[in-house]
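Asks: Using only what follows, build the 3D model:
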Amino acid sequence: MTERPSAVGVDTGGTFTDFAAWVNGRLVTHKELSTPAAPERAVIAGLAHLGAGRGTPVHHGSTVATNTLLERKGARVAFITNQGFEDLLEIGRQDRPDIYALDPHRVPPLVPRERRLGVKERRGPDGRTLEPLTPRAIADVVKRLRSLRPEAIAIGLLHAYADPASERRLARAVHALGVPVTTSCELCREIREYERFATTVVNAYLLPRVARYLERLAAVCGPGLQVVLSHGGRVPVREAIREPVRQLLSGPAAGLDAARRVRLLGGFRGPALTLDVGGTSTDVAYDFGAQIPRRRAREIGGFPIQLPLLDVHTVGAGGGSIADVDAGGLLTVGPASAGADPGPACYGRGGPATVTDAMVVLGRLPASAIGGGAITLDAGCARTALARVGRALGVARPERAAEAVLAVANARMEAALRSVSTERGHDPRGAALIAFGGAGGLHACELAESLGVSAVIFPEHAGVLSAVGALTGSERYERSRTVLLPAGEQRAIEQVADALLREVDASFETAGTRIAHRALLTRYVGQSHEIEIPFGGDIERRFHTAHRARYGFAREGAAVEVVTVDVSGAMVTSGARPKRGRTRAAAPRSSGLARVQVRGATRTAPIWSFDALPRVVKGPSIVIQSGATLWVAPGWSGGVDRAGALLLRRSGR
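Replies: Prediction:
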């Protein structure tokens, strides 16, 4: 490119690495095939294509932390805890992930028994010392660590949220070993020892590999590199290296943040389901309130993460999900993916049958619709691959096999959407379904019909929306601390909130307007879990109201305690809108006709470019973006809203 971008957003996926850049006020997008063996190669190639220099701000949504955990390719970790609690990581909460399994298996701990070390030290829940940590105990654990030769160390002591002094003494001592150290008191100063310890161990497990990746990238990008975290905001690379566990939902969080902006800018004030379908997985969420939905103690890869995360649910179903027939003759779709290499069969590289191949065979994915036209699809290879699946199923025509593959993929995506809506008591019928990612638009109308959703929103730049979210998001920091105080002690609670707010404010490296959000995790005394309420006002009254809304009743007069104080701060962005890269055609004209299969029948559908749409788009038709495709099913129609997104509604709605 001749013009250098002023900032670039990057989202690394399993098949493609997406880019969104500001260039002279315009939003320019680009896609590169991902390079899983060395993810930075695709990032560097895309930045070079866009003309980004060493000083260009780069906001990166990364999957390195996620893949490291899921693939179990992290560091050799040693864990230091209280003597007698070395097996807590393995015992967990004693729940069974599959209660009907005849031969259940738990996820093995990241730290085996021989690398879990106990020290004589004990504090009470109020921080009072019951058994002091002695210099001899410290020297002994350092000696044992040397013989284990760990690549990273995690430290978690009971009740360190109340007094972190012992953890910090141990950290100072083991730093002499020259490997990275993670303490629970610095990462997650909250109650629940199993979740806190597991989060600390995961961070230590990820740290060396994520650090190497980000350091290699920073050497090319320079000081402008920032990383998107699981709460949707971004931080400088130095902070991201220190706490990689906060990156486990990096890309999906950026996409959810961008989808929320699309909904609000377009004037849709109701709730929204988000559907982000990429090459490897599908990420869904239900956005219904004033704040983007978040949750704590989210399980990722079989391990609880006791940190605030955007409430995104992921399933292993995407465009690259492999279709196969198992030994019992049943069709399976995913979670294994063809990835970028060899990719789906239609890439012409000898890959297996996938959901993308099913879309090609059904006529819903034109030949140049992948990767912004970077890949020409081979329909013959797709038909051959689906024919093999069909023979295993006893189906004569590849179109029938393709319909079956699509039905299974849609069922998995629908189950994910129901898990964040109806299974939590939310009625999706008044919501919109925001479809993005390279393949979200191909599934949106059929999923909306199954859920009873009456509106589908297909954003501009849908194929790279997570990269857009990384680009347009803000710098953000979060801090929390368990206090275990009666709700009536508001002065003490305010003092903790003020201290956390000062920590958050000191974290920002750049000047600017900031907005703070403070919340309290509260419960009735004796309850096991908390409800988050906004900070301020009458804490007891707010909690009773929230409890009644959540559970249908409130115990008026019962004692209420504040468990944890949570504070976040975000830099306010300008909210500038990009100039359009191209002007919509005054006299729209379709770029051709496609023969598509709809419920076993062949129909003709016009193919529209997103930048040359008619005033009203009616199904069946296909809408092509650079990097994304929308299948407008029969019975759906709509036009472009004020945010530049295509808003579809079902007939009669």
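Asks: For the stretch 151-300 of the chain, which segments count as strands?
Replies: Taking DSSP state E, counting those that start in this stretch to define them, one finds strands in the stretch 151-300 of the chain at 152-155, 181-183, 225-228, 234-236, 272-277, 282-287, 294-295, 298-300.
Asks: what helices or strands is the third one leaning on?
Replies: Which is strand 225-228. Based on contacts counted as 3 or more Cβ pairs under 8 Å, 6 or more residues apart in numbering; DSSP states H and E, the elements that strand 225-228 packs against are strand 58-61, helix 193-221, strand 234-236, helix 237-242, helix 250-265. For every residue, glycine as well, the C-beta is placed using N, CA and C.
Asks: Try it again at 6 Å.
Replies: Using 3 or more Cβ pairs under 6 Å, 6 or more residues apart in numbering; DSSP states H and E, the elements in contact with strand 225-228 are strand 58-61, strand 234-236, helix 237-242.
Asks: neighbouring contacts of it?
Replies: Judged by Cβ atoms under 6 Å, 6 or more residues apart in numbering, the contacts made with strand 225-228 from elsewhere in the structure are 58, 59, 60, 61, 218, 234, 236, 237, 240, 250, 254, 470.
Asks: returning to what we had before: of the helices and strands packed on strand 225-228, flag the one that's most buried.
Replies: strand 58-61 (a mean of 28; mean count of other Cβ atoms under 10 Å).
Asks: can you give me the offset of it from its chain's centre?
Replies: Relative to the centre of its chain, strand 58-61 is centred 14 Å away, using Cα atoms, centre = their mean, to the nearest Å.
Asks: Could you report the pLDDT at residue 480?
Replies: pLDDT for residue 480: 94.
Asks: three-state assignment of it?
Replies: strand (DSSP: H, G, I helix; E, B strand; the rest coil).
Asks: So what's the gap between stretch 330-348 and the chain middle?
Replies: Stretch 330-348 sits 22 Å away from the centroid of its parent chain (Cα atoms, centre = their mean).
Asks: Residue 348 touches residue 381, doesn't it?
Replies: Yes - distance between residue 348 and residue 381: 5.5 Å, which falls inside the contact criterion (Cβ atoms under 6 Å).
Asks: between the two, which one's more packed in?
Replies: Each of residue 348 and residue 381 has its neighbours counted (other Cβ atoms under 10 Å); residue 381 has more, 20 against 16.
Asks: hang on, the earlier thing: how about TSV for the strands of the stretch 151-300 of the chain, with mean pLDDT added?
Replies: Below are those laid out as TSV (pLDDT from 0 to 100):
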stretch	mean pLDDT
strand 152-155	98
strand 181-183	98
strand 225-228	94
strand 234-236	92
strand 272-277	94
strand 282-287	91
strand 294-295	78
strand 298-300	85
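Asks: can you list those in CSV and add distance to residue 165?
Replies: What follows is the strands of the stretch 151-300 of the chain, written out as CSV (distance: least, Cβ to Cβ, whole Å):
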stretch, distance to residue 165
strand 152-155, 12
strand 181-183, 11
strand 225-228, 31
strand 234-236, 27
strand 272-277, 44
strand 282-287, 40
strand 294-295, 30
strand 298-300, 30
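Asks: lowest average confidence, helix or strand, in the chain?
Replies: Using mean pLDDT, DSSP states H and E, the weakest-scoring helix or strand in the chain turns out to be strand 294-295, at a mean of 78.
Asks: low-scoring pLDDT stretches of this structure, where are they?
Replies: 1-2, 289-291, 368-374, 511, 573-590, 652-653 (pLDDT under 70).
Asks: Just the element for the residue located most distally from the centre of the chain, please.
Replies: For the chain, the residue at maximal distance from the C-alpha centroid (Cα atoms, centre = their mean) is residue 136, at 44.1 Å. Using DSSP states H and E, residue 136 sits in helix 135-148.
Asks: do residue 108 as well
Replies: For residue 108, there is no host helix or strand (DSSP H and E).
Asks: what does the one 3 residues further on give?
Replies: For residue 111, there is no helix or strand it lies in under DSSP H and E.
Asks: Quick check: chain neighbours aside, which residue is closest to it?
Replies: For residue 111, ignoring the flanking residues on the chain, the nearest one in space by Cβ to Cβ, 6 or more residues apart in numbering is residue 79 at 4.5 Å.
Asks: ok, now how distant is that neighbour from residue 181?
Replies: In this structure, residue 79 lies at 11 Å from residue 181, with Cβ to Cβ, to the nearest Å as the measure.
Asks: repeat for residue 6
Replies: When Cβ to Cβ is applied, the distance between residue 6 and residue 181 equals 38 Å.
Asks: before we move on, what about residue 430?
Replies: Counting by Cβ to Cβ, the gap from residue 430 to residue 181 is 50 Å.
Asks: Between those two, point out the one with more neighbours.
Replies: Using other Cβ under 10 Å as the criterion, residue 430 and residue 181 rank with residue 181 on top: 22 against 13.
Asks: Just confirm that one contacts residue 172, I think it does.
Replies: No - the criterion here is Cβ under 6 Å, and residue 181 misses it with residue 172 at 9.1 Å.
Asks: Give me the common contacts of those two.
Replies: Common neighbours of residue 181 and residue 172 (criterion: Cβ under 6 Å, 6+ apart): none identified.
Asks: one step back: helix/strand/coil for the residue nearest to residue 111?
Replies: Three-state secondary structure (criterion: three-state DSSP) places residue 79 in strand.
Asks: Once you drop chain neighbours, what's closest to residue 82?
Replies: Closest to residue 82 by Cβ to Cβ, 6+ apart is residue 158, at 5.2 Å.
Asks: roughly how far apart are the closest residue to residue 481 other than its chain neighbours and residue 236?
Replies: In space, residue 481 comes closest to residue 189 once its chain neighbours are excluded; the distance is 4.8 Å by Cβ to Cβ, 6+ apart. If you measure residue 189 against residue 236 using Cβ to Cβ, the figure is 22 Å.
Asks: Over to residue 64?
Replies: Counting by Cβ to Cβ, the separation of residue 64 from residue 236 is 17 Å.
Asks: List the buried residues for stretch 172-186?
Replies: Of all the residues in stretch 172-186, those buried under the rule 16 or more other Cβ atoms under 10 Å are 173, 174, 177, 179, 180, 181, 182, 183, 184, 185, 186.
Asks: now stretch 41-59
Replies: Using 16+ other Cβ under 10 Å as the burial criterion, the residues of stretch 41-59 that qualify are 42-47, 50-52, 56-59.
Asks: Let's see which of these end up in strands.
Replies: Taking DSSP state E, the ones among the buried residues of stretch 41-59 that sit in strands are 58, 59.
Asks: In TSV, list the helices and strands packed on strand 225-228 along with distance to residue 263.
Replies: Formatted as TSV, the entries for those read as follows, by distance: least, Cβ to Cβ, whole Å:
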stretch	distance to residue 263
strand 58-61	20
strand 234-236	21
helix 237-242	28
